[in-house]
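Colleague: next one to model:
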Amino acid sequence: MAPTRRAVVIGGGIGGLTAAAALHLAGLRVTVLERAPSLRPVGAGISLSPNALRALDVIGLGDEIRDLAAWQGDGGLRTPGGRWLSRSSAQAAAARFGGPLVLLHRATLIDRLAALLPPDAVRTAADAHLADAGDADRPARVRTPDGELEADLVVAADGIHSAVRGRLFPLHPGPVYSGFTTWRVVIPVPGAAFASHETWGRGRIWGTHPLKDGRVYAYAAAVTAAGGHAGDEKAELLHRYADWHDPIPAVLAAARPADVLRHDVHHLATPLPAFHHGRVALLGDAAHAMPPTLGQGGNQAIEDAVVLAHHHGDLAAYTAARLPRTTAIARQAVRVARLNLMSNRAAVAVRDTAIAALSKAGPALFLRGFDGIADWRPPGPPYASQRTQVGER
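Modeller: The predicted structure is shown next:
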């Protein structure tokens, strides 16, 4: 009997854990090395579109996540004064893409992914470094504080500032500043009743969405210089958004300064030449970091993971399947950022008028933006029952 192949996953985020679960189901012995002292992510929500949910079906998790998450789509796009530019519905989204768009807390998804793995598969507080990428004749090697691990496959899911990517492609310029910063909160908002929405202003946006557990996930983005931080980020949000429409003032009133997370946004403006080298595969932000304007960063990492497990013996096939798609989606995310964060007053007026007219003439802009993205299907058959029918919540 041939020995069991071993995979080492560097990074215990959503992409890394999905890859570990998919490779475990494919029969590999998997070890996940996470630098942080725990797998608990920062407090933010994640939107999963039907493409990612279908990928989670492959590892048997799709239906559970659909049950735990809130459906998205009942709402639309607004101006800071509250006027609706475009309306959409969860049913319309599900009908268009064959399944729902859903929202849940990142911690929930991390917990459910980790539960798919053997108890000893995940090592936290494990600072891992690629020692050797390996080749057809020798295994890859990963250095840890406890010694080196040999692997038939190394999955680099170590984020936008990936050390592994720098090791494999030292001439690549790496991430660039996307031109804006983001704020996020997940909090209860007593008495709040609202339709899910994203609001576009001049060089600023805001989104408010209910979670299934009764809390609210809100995010904001604004064009600003890189590296800026306020002493009180809640006060910064009040300065920028306090006069915007309801429920934004109520969300701001309910938030404490400690609830507000702020991060500058970076992306890989130059695509990598490949997503693999030797026995190492890059995945998620390490491979194709993109602005969050399409909500596809985590979704594409989940897609990467199940495609990698499908092609784990042929990394060139993995690159061929993933690089063109993620490059196109990343470029679209950059274009959307330029549209929703434009600052010129006259251009904003033209934008808003065009969005309203287009939405009256056909499907909402929110739905059109997911064409060619949310309808993706994984290369292998689903492992779960794939309950995605319209009307089922």
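Colleague: give me the contacts around the strand ranked longest in the chain.
Modeller: Ranked by residue count and defined by DSSP state E, the top strand of the chain is strand 176-187. Where contact means Cβ atoms under 8 Å, 6 or more residues apart in numbering, the residues beyond strand 176-187 that reach it are 43-45, 105, 211, 215-224, 226, 228, 233, 236-237, 251, 254-256, 259-269, 291-292, 334, 337, 341. For glycine as for every other residue, the C-beta is placed from the backbone atoms N, C-alpha and C.
Colleague: among the residues you listed, which are in helices?
Modeller: Under the assignment DSSP state H, the contacts of strand 176-187 contribute Glu233, Glu236, Leu237, Val251, Ala254, Val334, Ala337 to helices.
Colleague: quick one: the second one and Ala230 touch, right?
Modeller: What that stands for is Glu236. Yes: between Glu236 and Ala230 there is a contact under Cβ atoms under 8 Å: 3.9 Å.
Colleague: tell me, what's touching the two both at once?
Modeller: With Cβ under 8 Å, 6+ apart as the test, Glu236 and Ala230 both reach Arg262.
Colleague: looking at the two, which is more packed in?
Modeller: Neighbour count, other Cβ atoms under 10 Å: between Glu236 and Ala230, Glu236 has more, with 21 against 14.
Colleague: on that earlier part again, and the next helix or strand after the longest strand of the chain, C-alpha only, in CSV?
Modeller: Sequence-wise, the next helix or strand downstream of strand 176-187 (DSSP states H and E) is strand 196-200. In CSV, the C-alpha atoms belonging to strand 196-200 read as follows (Å, rounded to 0.1, in the frame of the first residue of the first chain):
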residue,chain,number,x,y,z
SER,A,196,-30.3,45.8,3.9
HIS,A,197,-28.5,48.5,1.9
GLU,A,198,-25.3,49.9,0.6
THR,A,199,-25.0,53.7,0.3
TRP,A,200,-22.7,55.5,-2.1
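Colleague: picking up where we left off before, max pairwise distance over the ones in helices among the contacts of strand 176-187: which two?
Modeller: By the measure Cβ to Cβ, Ala254 and Val334 form the most distant pair in these, at 32.8 Å.
Colleague: in the longest strand of the chain, what's buried?
Modeller: Going by neighbour count (16 or more other Cβ atoms under 10 Å), the buried part of strand 176-187 is Ser178, Gly179, Phe180, Thr181, Thr182, Trp183, Arg184, Val185, Val186.
Colleague: make CSV out of the residues you listed and add pLDDT.
Modeller: Formatted as CSV, the buried residues of strand 176-187 follow (pLDDT from 0 to 100):
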residue, pLDDT
Ser178, 98
Gly179, 97
Phe180, 98
Thr181, 98
Thr182, 97
Trp183, 97
Arg184, 97
Val185, 97
Val186, 96
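Colleague: among those, which pair sits farthest apart?
Modeller: Gly179 and Val186 (25.1 Å).
Colleague: give the contact list for Leu211.
Modeller: Counted by Cβ under 8 Å, 6+ apart, Leu211 has contacts Gly45, Ala70, Leu103, Leu104, His105, Val186, Tyr217.
Colleague: Leu101 is in contact with the second one, correct?
Modeller: No: shown here, Ala70 and Leu101 do not form a contact pair, counting by Cβ under 8 Å, at 9.9 Å.
Colleague: which one of these two has more residues nearby?
Modeller: Using other Cβ under 10 Å, the more surrounded residue of Ala70 and Leu101 is Leu101, with 28 against 22.
Colleague: who does that one form a beta bridge with?
Modeller: Beta-bridge partners for Leu101, by DSSP bridges, are Gln72.
Colleague: with Ala193 as the reference, measure out to it.
Modeller: Separation of Leu101 from Ala193 (Cβ to Cβ, to the nearest Å): 21 Å.
Colleague: for Ala221, same thing?
Modeller: Taken as Cβ to Cβ, the span from Ala221 to Ala193 is 25 Å.
Colleague: name the helix or strand of this structure that has the lowest mean pLDDT.
Modeller: Within the chain, no helix or strand scores below helix 365-368, which has a mean of 72 by mean pLDDT, DSSP states H and E.
Colleague: which parts of the stretch 51-200 of the chain are strands?
Modeller: Chain-ordered strands for the stretch 51-200 of the chain, with DSSP state E, counting those that start in this stretch as the definition, fall at 70-72, 75-78, 84-88, 101-105, 122-123, 129-132, 140-144, 147-151, 153-156, 176-187, 196-200.
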